[in-house]
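**Q** give the three-dimensional model of this entry:
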Amino acid sequence: MLPSAIALRHADAMRTSRRFVHIFDRALKRHHRERAALDPGHEQYNYLRDEVASRLVERLDDIDASYAFPRAVDIGAGTGHVRRALARGEYGVESLLELDGAAAMLASSAADASSAEPRPEFALAQQQMDEEELELEPESCDLIVSSMALQWVNDPPRFLKRVRRALKPNGLFLGAMLGGETLTEMRSAFVLADLERAGGVAQRMSPLASVTDAGALLQASGFALPMVDTEIITITYPDAWTLWHHLRAAGDSQATAQRSAVTQSSLLAAASAYRECYGDADGNIQASFQVIYFIGWSPHESQQVPLQRGTASASLKDLGLDKLDKGGADPNWKPPE
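**A** Residues are numbered from 1 along each chain as shown. Predicted structure coming up:
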């Protein structure tokens, strides 16, 4: 190979490596999800995903009833959490395409849809596709939903830009992901255990985004009218072992590319620290899950836009806001006649 060709290939590789850092091992995460879906009793561990999908889809109820979303796509569909939530409402959905990187998840969703009562009123299609390799036709979708899949994506800006490109003008994106305050109790327990056992802290848990990160990502990706909100869902478990089992059975085990091995002694120490710090009188523990919800629209001329500077019809002085101080507005201010 010529030196110039070698240099060009090296430059391409460097540009590719600078796009994003591979925080998550996508192959391992796909394995986690395949393993979870193949467990005959896996649906009993999907309570959090079902609840988050339901709360996410409920946000469509706040949108004017004149809007309809004939062609919808669910990215990271899992076993059909969003599909079941959409089927409970009337959102003008005529067809739903479920995408997931784990074939077993899609098979489980198809089996559930075939036996669902009542049957969904929209047509269902499926395609195996990893979230990081998202390829949809430009301006082909009215609604795109992603519930609890984005937190495992290595390059969220690229993902969101592809979502926006796939939306029709005035199309809607609904997303939900776990935030950085998720499982703070478990993080603290592992820190205490590692400090006690090894005198240092190891990488035990996946890094997650903050609320401000989500808002910035939506704006940077070109979405109009972005909205972000968050809530904490707290779940009680008998002990840390039960929590870890449920996370594994739901396909939500840790999947960072650079992860530390967890020994039995580390788990024993973490379980003990968890119960000591966060256990209640009955010995149960609580686990907190921060869910970040975000909404973004594909730009359209009918949407509201901020007025240009200098076009206001009233000044701050007219409103009495030019006299704001530490104590608030002028107490003697009266509206202009």
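
**Q** need the pLDDT of G80.
**A** With respect to pLDDT, G80 scores 95.

**Q** what ranges does the stretch 201-337 of the chain have for its helices?
**A** Counting by DSSP state H, counting those that start in this stretch, the stretch 201-337 of the chain has helices at residues 211-220, 240-249, 264-278.

**Q** least reliable of the ones you listed by average pLDDT, please.
**A** helix 211-220 (a mean of 88).

**Q** which residues of the stretch 51-200 of the chain score low on pLDDT?
**A** Counting by pLDDT under 70, the stretch 51-200 of the chain has low-confidence residues at 118, 198-200.

**Q** tell me the phi and psi of the residue nearest to P238 when sequence neighbours are not counted?
**A** In this structure, P238 finds its nearest non-sequential neighbour in N284, 5.9 Å apart by Cβ to Cβ, 6 or more residues apart in numbering. For glycine as for every other residue, the C-beta is placed from the backbone atoms N, C-alpha and C. The phi/psi pair for N284 (degrees, to the nearest 10) reads phi -80, psi 160.

**Q** from R35, how far out is N284?
**A** Counting by Cβ to Cβ, to the nearest Å, the gap from N284 to R35 is 27 Å.

**Q** which SS state does Q44 fall under?
**A** helix (DSSP: H, G, I helix; E, B strand; the rest coil).

**Q** how close does it get to D194?
**A** Q44 is 32 Å from D194, by Cβ to Cβ.

**Q** ok, these two, which is more surrounded?
**A** For Q44 versus D194, neighbours defined as other Cβ atoms under 10 Å are more numerous around D194 (20 against 10).

**Q** was I right to think the more buried one contacts S266?
**A** Yes - at 7.0 Å, D194 counts as touching S266 under the criterion of Cβ atoms under 8 Å.

**Q** who are the contact partners of R33?
**A** 78, 100-102, 104-105, 251 (Cβ atoms under 8 Å, 6 or more residues apart in numbering).

**Q** taking those residues one by one, which sit in strands?
**A** The members of these that map onto strands under DSSP state E are D100.

**Q** out of the contacts of R33, which one sits closest to H300?
**A** Nearest to H300 out of the contacts of R33 is D100 (Cβ to Cβ; 29.3 Å).

**Q** what segments of the protein are strands?
**A** 71-75, 95-100, 123-128, 141-147, 167-178, 224-237, 285-297.

**Q** hmm, who's touching stretch 36-51?
**A** Contacts for stretch 36-51 (Cβ under 8 Å, 6+ apart): 78-79, 81, 84, 102, 104-105, 107-108, 112, 147-148, 233, 235, 246, 248-251, 289.

**Q** pull out the buried members of those.
**A** Buried residues within the contacts of stretch 36-51, defined by neighbour count using 16 or more other Cβ atoms under 10 Å: 78-79, 81, 84, 102, 104-105, 107-108, 147-148, 246, 248-251, 289.

**Q** give me the number of residues near G180?
**A** 15.

**Q** any idea how far it is from P226?
**A** Here G180 is placed at a distance of 19 Å from P226 (Cβ to Cβ).

**Q** again with H246
**A** The value you get for H246 to P226, if Cβ to Cβ is used, is 33 Å.

**Q** sorry, back to before: now the strands of the chain as TSV including distance to D213?
**A** Rendered in TSV, the data for the strands of the chain read as follows (distance: least, Cβ to Cβ, whole Å):
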stretch	distance to D213
strand 71-75	19
strand 95-100	23
strand 123-128	29
strand 141-147	15
strand 167-178	10
strand 224-237	9
strand 285-297	9
